[in-house]
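# sequence first, then the predicted structure:
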Amino acid sequence: MYSVWEGVVKVKTKKFLGIFVNPVFVQSEGIKKVFDNLENASVQAIAISCNIASPAENGRGRRFPDLARDGYKRLLARPVWGKYEIRLKYFSAYDHNLQLYDGLPYRPVSKNVPSGVDREVPDAMIEEAKKRGMQVYIMIHPLIPPDTLAKDQPVFIDGSNPKPPQYIFKPWACVNSPDAGGYGLALIKDVLLHYPSVDGLMLDFVEYSAYSLEDNFACFCKHCEARAREKGFDWNIIRSEVNSFWKWLHSLTSDELKHSLCIIRSPSRTLERLIHSPGWLQFLQFKAESVVAFYKQVRKQLNEMEMQELTLSARGGPPPWNRTSGMDYRNLSEICDTIMPKLFTFAYSALPRWFGQTIQAWNPGLSESDILDTVVEWMDLSDDIKQRTFSSYHIPGKDESNPVIIKDFNNRLEEVIDQMRGNALCHPFAHAYMTDSEWRQMVAMLRDSSVDGMWIQMYGYLSDQKFKILGELWY
Ligand SMILES: [Zn+2]
């Protein structure tokens, strides 16, 4: 789009812009201030959760923002009730229709809402957004039921379950668990029956976790085995090859680490490995098929509810993590309207250490720098750290730089867009927890990339300065 400003022809983007706004910010700042900020930034859509909160006392409740495994005191950029970190108690903003969960071991927990806490905040946000010409999406986590039972938790190849600190948030259920899946579908119906006027639904954490090294060796639960056998996957060969690789990672030498880089740098050598590892290929295909199957069920349910017009969005890991997480953007783009790869650089800043420390625990003789030089390349991450140590890789503190190169994330997005083949819109989710200078690079990179727009996680990390940068660069 071109327009003439002061005699100079400038390129104007009309790319989509959406922001996730936790209702607690409306509770704290007031609806007018929040929406004035959003409107000033020309936001086209908001995403909300359907929870409200109240301050918790004496260390109770949950820290907000969460520390995401080792958050080095992650702080908000906008205070909630005067604080940049706060402990909150959460409540559902609506009464669940518990009949929808009949026959399931999972159902939402209803807590009494204290007097003075306004349950109508999400409704008011929907109304205000519509008044200001913005779309409204609801974000939910269908596979995180209250207290996931052991039988529905992911299982690694050695038979163990994820334990802290292997998971970044509490463990979400295996996508193939019939009970967890049933809960997820019931929750989707429940929330949409209560908020039928919203424009879109975005699902988060409907994938296999890929935050720890062990995650790449899941899931071998009985639900996955049953589904794999039913769908014609060779479960025995999958088990055997995944187990061999698990054992190989427990007896590594420095030379083997270096040799692994020769393999991944050469398409021919990589192909050679895959041709002779049909079990691994089947394992990755199986995970992708499982995630896609859940989205197909969601789409079918939306059709049955006569909500065909609702925008269905899939939010998940970008390449290369989507390979092992099952986010098969090629097939998901045929079911979903929007694909949302997460650009959460704070997590990618810590992943090399999370993986690396496991490798070192399994192989105490290996050096930190050898491990990190290898893992960083396995993940296709780039940084300009000369001598890598574990301490270089952590979730940054406030105003601390991320050890990642922002512009390189464009390659990941181009890969997703290739996978999608034009079937859906690509709206990556950019996390605003970064320095102002990095935020400037992120917004400019997304503006100039091939993506159709962006979502921002979240309002509370957008300081006034970051809003200003967004306004200067995006439109
Ligand atoms: Zn499983």
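Everything's here; your move. Numbering: from 1, shown residues only.
# my read: W474 touches K15, true?
Yes: applying C-beta atoms under 8 Å, one finds W474 in contact with K15, separated by 7.2 Å. For the C-beta atoms, the positions are set from N, CA and C on the backbone; glycine is no exception.
# between the two, which contacts overlap?
When contacts are counted by C-beta atoms under 8 Å, 6 or more residues apart in numbering, W474 and K15 have R447 as shared neighbours.
# neighbour count winner among these two?
When W474 and K15 are compared for neighbours, W474 comes out ahead with 19 against 16, by other C-beta atoms under 10 Å.
# from the ion, how far off is that one?
For W474, the distance to the ion equals 40 Å [C-beta to the ion, to the nearest Å].
# do you know how far that residue is from N58?
W474 sits 42 Å away from N58, going by C-beta to C-beta, to the nearest Å.
# could you do K130 as well?
40 Å.
# the more surrounded of those two?
Neighbour comparison, K130 and N58: the larger count goes to K130, with 14 against 6 (by other C-beta under 10 Å).
# secondary structure class for that one?
In terms of secondary structure, K130 is helix; the call rests on DSSP: H, G, I helix; E, B strand; the rest coil.
# quick one: pLDDT of it?
According to the model's per-residue confidence, K130 sits at a pLDDT of 98.
# so it makes contact with S197?
Yes: if you go by C-beta under 8 Å, K130 and S197 touch, sitting 7.5 Å apart.
# now for these two: what residues contact both?
Taking C-beta under 8 Å, 6+ apart as the contact criterion, the common neighbours of K130 and S197 are V136.
# how many residues are close by A444?
There are 16 residues near A444, going by other C-beta under 10 Å.
# kindly report the same for L261.
With neighbours defined by other C-beta under 10 Å, the count for L261 comes to 13.
# pretty sure it sits in a strand.
No: in this structure, L261 is helix, not part of a strand, as judged by three-state DSSP.
# my guess is it contacts T374, does it?
Yes: between L261 and T374 a contact is recorded at 6.2 Å, counting by C-beta under 8 Å.
# beta partners of M139?
M202 (DSSP bridges).
# so who does E57 touch?
With contact set as C-beta under 8 Å, 6+ apart, E57 has these partners: R87.
# can you do 10 Å?
R87, K89 (C-beta atoms under 10 Å, 6 or more residues apart in numbering).
# is it located within a helix, as I assumed?
No: the assignment for E57 is coil, going by three-state DSSP, so no helix is present there.
# how close does P145 sit to L185?
Counting by C-beta to C-beta, the separation of P145 from L185 is 12 Å.
# show me what from the chain comes close to the ion.
On the criterion C-beta under 5 Å from the ion, the ion has as its neighbours in the chain the residues C174, N176, C219, C221, H223, C224.
# not counting its neighbours along the chain, what's nearest the last one?
Think C224. Counting by C-beta to C-beta, 6 or more residues apart in numbering, N176 is the residue found nearest to C224 once chain neighbours are left out, at 4.9 Å.
# who touches the one you found in this structure?
Shown here is N176, whose contacts under the criterion C-beta under 10 Å, 6+ apart are 152, 154, 208, 219, 221-228, 286-287, 290-291, 293-294.
# do the same with E377
Taking C-beta under 10 Å, 6+ apart as the test, what E377 contacts is L257, S260, L261, I264, R265, P352.
# which of those has the most neighbours?
Of all the contacts of E377, the highest neighbour tally under other C-beta under 10 Å goes to P352, namely 28 neighbours.
# the helix or strand hosting it: what's the following helix or strand?
For P352, the element it lies in under DSSP states H and E is helix 351-362. Past helix 351-362, further along toward the C-terminus, the next helix or strand under DSSP H and E is helix 368-378.
# list buried members of the contacts of N176 by neighbour count.
152, 154, 208, 219, 221, 223-225, 227-228, 286-287, 290-291, 293-294 (16 or more other C-beta atoms under 10 Å).
# these in helices, which ones?
Using DSSP state H to define helices, the subset of these located there is H223, C224, E225, R227, A228, F286, K287, S290, V291, A293, F294.
# need the nearest residue in space to the first one, chain neighbours excluded.
Leaving aside its chain neighbours, H223 sits nearest to N176 (4.0 Å; criterion: C-beta to C-beta, 6+ apart).
# so how far is L372 from that neighbour?
Applying C-beta to C-beta, the value for N176 to L372 is 34 Å.
# for the stretch 301-450 of the chain, give the residue positioned nearest to the ion.
Going by C-beta to the ion, the ion is nearest to G326 of the stretch 301-450 of the chain, at 10.6 Å.
# okay, that residue: pLDDT?
Turning to G326, the model gives it a pLDDT of 98.
# that one contacts D215, doesn't it?
No: when contacts are counted by C-beta atoms under 10 Å, G326 is not listed as touching D215 (11.1 Å).
# mutual contacts of the two, please.
Residues within reach of G326 and of D215 at once, by C-beta under 10 Å, 6+ apart, are Y208.
# below-threshold pLDDT in this protein: ranges please.
1-13, 166 (pLDDT under 70).
# ok, the residue nearest the centre of it - contacts?
To find the centre residue of the chain, average its C-alpha atoms and take the closest one (C-alpha atoms, centre = their mean): that gives G316, at 4.4 Å. For G316, the contacting residues are 203-208, 210, 291, 322, 325-329, 332, 339-342, 429, taking C-beta under 10 Å, 6+ apart as the criterion.
# what's the distance between it and F205?
With distances taken as C-beta to C-beta, G316 is found 8 Å from F205.
# ok, A444 next?
Note on A444: its distance to F205, by C-beta to C-beta, is 29 Å.
# and R315, by the same measure?
When C-beta to C-beta is the yardstick, R315 and F205 sit 8 Å from each other.
# residue ranges of the strands in the stretch 151-300 of the chain, please?
For the stretch 151-300 of the chain, the strands identified by DSSP state E, counting those that start in this stretch occupy 200-204, in order along the chain.
# helices of that one, start to end?
For the stretch 151-300 of the chain, the helices identified by DSSP state H, counting those that start in this stretch occupy 178-194, 222-230, 235-249, 254-265, 267-275, 278-304, in order along the chain.
# count the neighbours of the residue in the stretch 51-200 of the chain that the ion sits nearest to for me.
For the stretch 51-200 of the chain, the residue closest to the ion is C174, as judged by C-beta to the ion, at 3.2 Å. Other residues near C174 number 25, with proximity taken as other C-beta under 10 Å.
# quick one on the thing from earlier: shared neighbours, P145 and L185?
The contact sets of P145 and L185 overlap at L104 (C-beta under 10 Å, 6+ apart).
# so which of the two has more stuff around it?
Legend: neighbour count by other C-beta under 10 Å for P145 and L185, higher for P145 (26 against 18).
# please name the residues that touch that one.
Taking C-beta under 10 Å, 6+ apart as the criterion, P145 is in contact with 101, 104-109, 152, 172-173, 177, 179-180, 182-184, 186-187.
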